[in-house]
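S.K.: sequence unknown, structure follows:
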């Protein structure tokens, strides 16, 4: 793309000035449409060192109310950031609905730098591109406008600018080693950039190459591109997004109705097996820490199925410095305003840590589906989105365990009644629990579909028969211990 | 404290076991009282290396529902964390109302380590202690239970444990250089610990020294201390907190009624002075970045006084990579559930960056006071709390600028009407603005009191007469440029 790019003719000064004024006014008006429509706008500004990314951004945002945008300036990942998946810090920076987020260079910059340093080759590079493509289409599919701008300058122009910056003590710090290196290896960089731009030129999130030689003209192009992209996104908002085919190998799962719930343990069996497994798990936790393996354990299940008690038998074996339980309730305003996976991305464990989710992103295909909190297109799409999300985590090296804690309706009724009759347990039972119980058949259908469609080989579901809680607890411990032993190569 | 500490006699095994069971049950019941009362409980577990902080914490939290607590494990600050004030990462970790936050070593650990390494001496150590004391009383004054436990073991016991840990490859990584160093320099450490414990032994947040030689007995002491502290905190909740005297040198401020609002600029004067100041500010922004000086600019003012436009004339001169505008609306649930300064602590600039607050923590003594969102005791106390907060920031090296953007009621009315009659400005005017307008006299009284009580020498207020917006913008730029020039030593 870059190498075949034909520089557009710069219009006359008077036309340029007139278009600039018009585009500024247009953006100032459009920000209110963006706000009213709840459109989240993510603008990625990439380009050559010294192309003027920062200063152009400074001009663009002058036309937007500070309440409606954020600017995130991305540099090399910190050691802390390196303990999360590649996309983590970019996902964190996505805008809320109705707002703009500007990224002063982003995931492209990181990918091409790593590639130029020889740290990302062959399969690893291909996987990285796949991550990027999934991320971008997950955003656009969920109504995000993803606008990608590449600020282009020639080798000569870059050289001139770097020399001017270096000459002034107040700006010399802006010239990085990387900028100098780029200028020296301009053609090599151009190849890598071009390759990346072509590979990520999605119809839903295409690249726009901006001629950045002259400031006013550069601003005109950026503003006009932004305004027209907002117009397109507003028109697209009404259209349903096509569902993607599942491309992940699935594990076959039984229907809930076929699950044997009769299994149980005596107190003695329970105590003996639980203690042995906890001891083993405790040792394995030390190993995951040492080997820096991140572990993600998801608990879903019927109300009163015994998720909480089950989780506590697991955490009893863990060092509290190395795990976190994330209880998931309904999203807060700043969470609801973003992609539904955002609040889970921001709760991932670091490498070597364990995150336990007490309820999870599967709310999308259960409660949100049944209560109509999202459209049918949204939850139908979510199976693939979730599989992609978990594939991303698995590629990063995470061990993923997903439990469905299962009981039958009679057992649930019994436990509800017992909770209501026990003063210190009453807080655990709410009117909503009773309402959900009435929707058992709808939930069962949704759960069956979820188990069929999201039990991938890298992140399979495990059903825990929990009419007898002791049985379910030992079963969970067993599965965790087995899985970790396999993952750690003993 | 540590050196005069007399080890309590360990009870007989049977009594120990019985007290342990009782304390566990008690905590399990108390967590619901904590939840119902909205009591935030911060438990700091400090102590010698290998005293068992982590494993004891692991036991304690088994008695609490994972929805009600977090555990934060603090290690040495990362380079990113070092770009914020010392307290920043601890403030971030405070619990929500009705929840527990456990810190596996915290600010004591950091302070004593820095002191032992010779990085914190004399005045710097004294200032650090002051920070800690202010932080703790700000928490307890605002209804937090701050429980500080120090796990004590002898030199011999520590040595034994370190050797046992080191002998097992699965646990060897837990023995840090620092642990070994401590054991070698046990007495020197004991002196520094003792000094710190005595200096921070506040009546509202005293230290409890826990005999950590034997696990079961250690757990009994920790649980019993925690339970009895919760009981005390519950009783204290009903009591008003004494107001502290102001101890910060104040700058005298005029009453709003005395402010001359007649000043104005012609368009030509405005353009010329604004441009010159913006150019200067742009250079100064580079310098603050290079010198790593954090800058905090607060905008408060009447509705329609012109805060937004004023801020934009400032940001027009700044590199977007180095500043952030924080528009402050009413707090979200997770923010409201914490100390009212928490959401500002978490929005501070890094060193070298500028944070502009469009409305701020002064909401406490304005809207929260007038609308009754907090008690009189709360807002009366807030003047000192805010002065302490800003002193903390100033000690860290921040430049703090606070603007009151001032207009008279007639000008406001005119602007409200103009907003209502201009379609693209209608979103800026709400029913609430009209309601606030009716409360002008109450607000004026509150603002006058705020200006009198919080204009400290290190963080003075500046009143910007804004009947003529152009005048106010140039004035703001002038004050910012002057202040930065002084701070940067030209």
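M.R.: That came through, no problem. Fair warning: this is a prediction, and the values are worked out from it, not measured in the lab.

S.K.: count the neighbours of residue A:160 for me.
M.R.: By other CB atoms under 10 Å in any protein chain shown, the residues close to residue A:160 number 13. (C-beta placed from N, C-alpha, C; glycine too.)

S.K.: and the strand or helix carrying it, average pLDDT?
M.R.: Element membership of residue A:160, judged by DSSP states H and E, is helix A:155-167. If you average the pLDDT over helix A:155-167, you get 96.

S.K.: any residues touching that helix, and which ones?
M.R.: For helix A:155-167, contacts defined as CB atoms under 8 Å, 6 or more residues apart in numbering or on different chains pick out A:48-51, A:153, A:171-172, A:174-175, A:179-180, A:182-183, A:186, A:213.

S.K.: and those residues near chain B, which?
M.R.: Residues of these in contact with chain B (CB under 8 Å from any CB of the partner chain): residue A:171.

S.K.: and stretch A:50-57, which residues are buried?
M.R.: By 16 or more other CB atoms under 10 Å in any protein chain shown, the buried positions in stretch A:50-57 come out as A:50, A:51, A:52, A:53, A:54, A:56, A:57.

S.K.: next up, the contacts around residue A:39.
M.R.: A:33, A:97, A:98, A:143, A:145, A:230, A:233, A:234, A:237.

S.K.: my bad, residue A:488
M.R.: Applying CB under 8 Å, 6+ apart, we find residue A:488 in contact with A:284, A:287, A:288, A:291, A:293.

S.K.: which pLDDT value goes with the nearest residue to residue A:73 once chain neighbours are set aside?
M.R.: Residue nearest to residue A:73 in three dimensions, not counting chain neighbours: residue B:321, with 3.8 Å by CB to CB, 6 or more residues apart in numbering or on different chains. In this model, residue B:321 is scored at 87, pLDDT.

S.K.: buried sites along stretch A:385-405?
M.R.: Neighbour counts using 16+ other CB under 10 Å place A:385-396, A:398-405 of stretch A:385-405 among the buried residues.

S.K.: can you narrow those to ones near chain B?
M.R.: Okay, of the buried residues of stretch A:385-405, nothing touches chain B (CB under 8 Å from any CB).

S.K.: okay, and which of these map to strands?
M.R.: In this view, these that belong to strands under DSSP state E are A:399, A:400, A:401, A:402, A:403, A:404, A:405.

S.K.: got the angle for the one helix or strand residue A:478 maps to vs strand A:399-406?
M.R.: Per DSSP H and E: residue A:478 is located in helix A:469-487. For helix A:469-487 against strand A:399-406, the angle by axes from the mean of the first three to the mean of the last three CA atoms, to 10 degrees is 160 degrees.

S.K.: elements contacting helix A:469-487?
M.R.: Judged by 3 or more CB pairs under 8 Å, 6 or more residues apart in numbering or on different chains; DSSP states H and E, helix A:469-487 is in contact with helix A:267-290, helix A:307-315, strand A:399-406, strand A:461-465.

S.K.: now do the buried residues in that helix.
M.R.: Neighbour-count burial for helix A:469-487 [16+ other CB under 10 Å]: A:469-481, A:483-484, A:487.

S.K.: one more: stretch A:6-23?
M.R.: For stretch A:6-23, burial by neighbour count (16+ other CB under 10 Å) applies to A:10, A:16, A:19, A:20, A:23.

S.K.: can you classify the first one by secondary structure?
M.R.: Think residue A:10. coil (DSSP: H, G, I helix; E, B strand; the rest coil).

S.K.: contact partners for residue A:474?
M.R.: Here residue A:474 is in contact with A:265, A:270, A:273, A:274, A:277 (criterion: CB under 8 Å, 6+ apart).

S.K.: and the residues you listed, which is closest to residue A:250?
M.R.: If you rank these by distance to residue A:250 using CB to CB, residue A:277 comes first, at 28.3 Å.

S.K.: residues contacting the closest one?
M.R.: Neighbours of residue A:277 in contact, by CB under 8 Å, 6+ apart: A:317, A:474, A:477, A:478, A:481.

S.K.: rerun at 6 Å
M.R.: A:477, A:481 (CB atoms under 6 Å, 6 or more residues apart in numbering or on different chains).

S.K.: how much space between it and residue A:453?
M.R.: Residue A:277 sits 30 Å away from residue A:453, going by CB to CB, to the nearest Å.

S.K.: residue A:65 now?
M.R.: Distance, residue A:65 to residue A:453, using CB to CB: 42 Å.

S.K.: correct me if wrong: residue A:81 contacts residue A:88.
M.R.: No - look at residue A:81 against residue A:88 with CB atoms under 6 Å: they stay out of range, at 7.0 Å.

S.K.: got a winner among the contacts of residue A:474 for most neighbours?
M.R.: Neighbour counts for those peak at residue A:277, which has 23 neighbours (criterion: other CB under 10 Å).

S.K.: can you give me the strands for chain A?
M.R.: A:41-47, A:69-73, A:100-104, A:145-152, A:207-211, A:295-301, A:323-327, A:354-358, A:399-406, A:461-465.

S.K.: give the other helices and strands that the fifth one contacts.
M.R.: For strand A:207-211, the helices and strands in contact under the criterion 3 or more CB pairs under 6 Å, 6 or more residues apart in numbering or on different chains; DSSP states H and E are strand A:145-152, helix A:215-236.

S.K.: again, but for the first one
M.R.: Counting contacts by 3+ CB pairs under 6 Å, 6+ apart, strand A:41-47 packs against helix A:53-60, strand A:100-104, strand A:145-152.

S.K.: could you check the angle strand A:100-104 makes with that strand?
M.R.: Using the same axes, to 10 degrees: strand A:41-47 against strand A:100-104 is 10 degrees.

S.K.: gap between the nearest residue to residue A:212 once chain neighbours are set aside and residue A:356?
M.R.: Nearest residue to residue A:212, sequence neighbours excluded (CB to CB, 6+ apart): residue A:151, at 4.0 Å. Distance of residue A:151 to residue A:356, computed by CB to CB: 44 Å.

S.K.: in chain A, where is pLDDT below threshold?
M.R.: Applying pLDDT under 70 to chain A flags the ranges A:490.

S.K.: quick one: name the residues of it near chain B.
M.R.: Applying CB under 6 Å from any CB of the partner chain, we find that chain A lies next to chain B at A:54, A:57-58, A:62, A:66-67, A:71, A:73, A:78, A:80, A:104, A:170, A:173, A:283, A:286, A:290, A:316, A:319-321, A:325, A:327, A:332-334.

S.K.: still on that earlier bit, buried deepest among the helices and strands packed on strand A:207-211, which one?
M.R.: Of these, the one with the most neighbours on average (mean count of other CB atoms under 10 Å in any protein chain shown) is strand A:145-152, at a mean of 23.
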